[in-house]
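>>> With the input below, show me the fold.
(2 chains)
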Amino acid sequence: AQSVTQLDSQVPVFEEAPVELRCNYSSSVSVYLFWYVQYPNQGLQLLLKYLSGSTLVKGINGFEAEFNKSQTSFHLRKPSVHISDTAEYFCAVSEDYEKLVFGKGTKLTVNP
Amino acid sequence: DGGITQSPKYLFRKEGQNVTLSCEQNLNHDAMYWYRQDPGQGLRLIYYSQIVNDFQKGDIAEGYSVSREKKESFPLTVTSAQKNPTAFYLCASSGEGGLASGTQYFGPGTRLTVL
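You can find the predicted model right below:
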């Protein structure tokens, strides 16, 4: 069965610093991969997705992620974060192309 | 504006009562989903529906029921059999081609508290 592991439950960083949020998945077949962001008491918003093709995926708000099939990873990166990036970030995988399996989330806190 | 609406935003229920959460979308999406979110647990799939009049259980369907009589509506009933219903509930939908077409779109959520 597919599963997703987000390696850090909380990540504190200073404003304008780079950040990497780590995501590993387990699957024996081809998958779709997603990163979502959730602001407090709101729904989820898609940041970026990998369906096929280039392994470097660019998303909204300056975020990007790299799909690494050999390491079964899909880490999210941003070169310079802002206070407004403070939120919870979820990695998700789909193996059957019908439903998503989510990780437990990483809370990113950007400090001034 | 196209999107997904969930109502109410906050819901309080007495123990032992059934309660129904509303989810409506005007995106003309075929597939709809219900998730439960608990702190530190991520999102867990309760039920999903790929087409009208058809739905499948997700990972934590016990104590919940759904219906899909219309394309735009996918209400979730939390029954008294659900032992720990206090949570944040999120509804989502995806368009033609399911996830292969891109993504799931999420509603703003309903926070259910059992008193």
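
>>> before we move on, what SS does the one residue sitting closest to the centre of chain B have?
Centroid-nearest residue in chain B: B:Trp34, 2.7 Å away (criterion: C-alpha atoms, centre = their mean). For B:Trp34, the secondary-structure state derived from DSSP: H, G, I helix; E, B strand; the rest coil is strand.

>>> Touching, it and B:Cys91? I think so.
Yes. Using C-beta atoms under 8 Å, B:Trp34 is in contact with B:Cys91, at 5.8 Å. Heads up, the C-betas are built off the backbone N, CA and C, glycines and all.

>>> what residues are shared contacts of the two?
Common neighbours of B:Trp34 and B:Cys91 (criterion: C-beta atoms under 8 Å, 6 or more residues apart in numbering or on different chains): B:23, B:74, B:76.

>>> Which residues of chain A lie near chain B?
A:4, A:9, A:32, A:34, A:36, A:41-46, A:49, A:51, A:90, A:94, A:97-105 (C-beta under 8 Å from any C-beta of the partner chain).

>>> Contacts only, for residue 77.
Looking at chain A here, since you left the chain open. Contacts of A:Arg77 (C-beta under 8 Å, 6+ apart): A:18-21, A:63-66.

>>> could you do chain B instead?
B:18-21, B:64-66.

>>> So which residues of chain B form strands?
With DSSP state E as the criterion, chain B has strands at B:4-7, B:10-13, B:19-25, B:31-38, B:42-51, B:54-57, B:64-66, B:76-78, B:87-94, B:105-106, B:110-114.

>>> now those strands in a markdown table, with mean pLDDT?
Shown next, in a markdown table, are the strands of chain B (pLDDT from 0 to 100):
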| stretch | mean pLDDT |
| --- | --- |
| strand B:4-7 | 94 |
| strand B:10-13 | 93 |
| strand B:19-25 | 96 |
| strand B:31-38 | 95 |
| strand B:42-51 | 94 |
| strand B:54-57 | 96 |
| strand B:64-66 | 97 |
| strand B:76-78 | 96 |
| strand B:87-94 | 95 |
| strand B:105-106 | 92 |
| strand B:110-114 | 94 |
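
>>> Tabulate these (TSV), appending distance to A:Ser70.
Formatted as TSV, the strands of chain B follow (distance: least, C-beta to C-beta, whole Å):
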stretch	distance to A:Ser70
strand B:4-7	37
strand B:10-13	46
strand B:19-25	38
strand B:31-38	31
strand B:42-51	25
strand B:54-57	33
strand B:64-66	39
strand B:76-78	40
strand B:87-94	29
strand B:105-106	31
strand B:110-114	41
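
>>> Residue 29 - how many residues pack around it?
Answering for chain A, as no chain was given. Residues lying near A:Val29 (other C-beta atoms under 10 Å in any protein chain shown) number 7.

>>> Hmm, no, I was thinking of chain B.
Neighbour tally, B:His29, other C-beta under 10 Å: 20.

>>> That one contacts B:Tyr105, doesn't it?
Yes. The pair B:His29 / B:Tyr105 is scored as a contact, 7.5 Å apart, by C-beta under 8 Å.

>>> in the sheet, who's paired with the residue nearest to the centre of chain B?
Beta-bridge partners of B:Trp34, counted by DSSP bridges, are B:Tyr47, B:Cys91.
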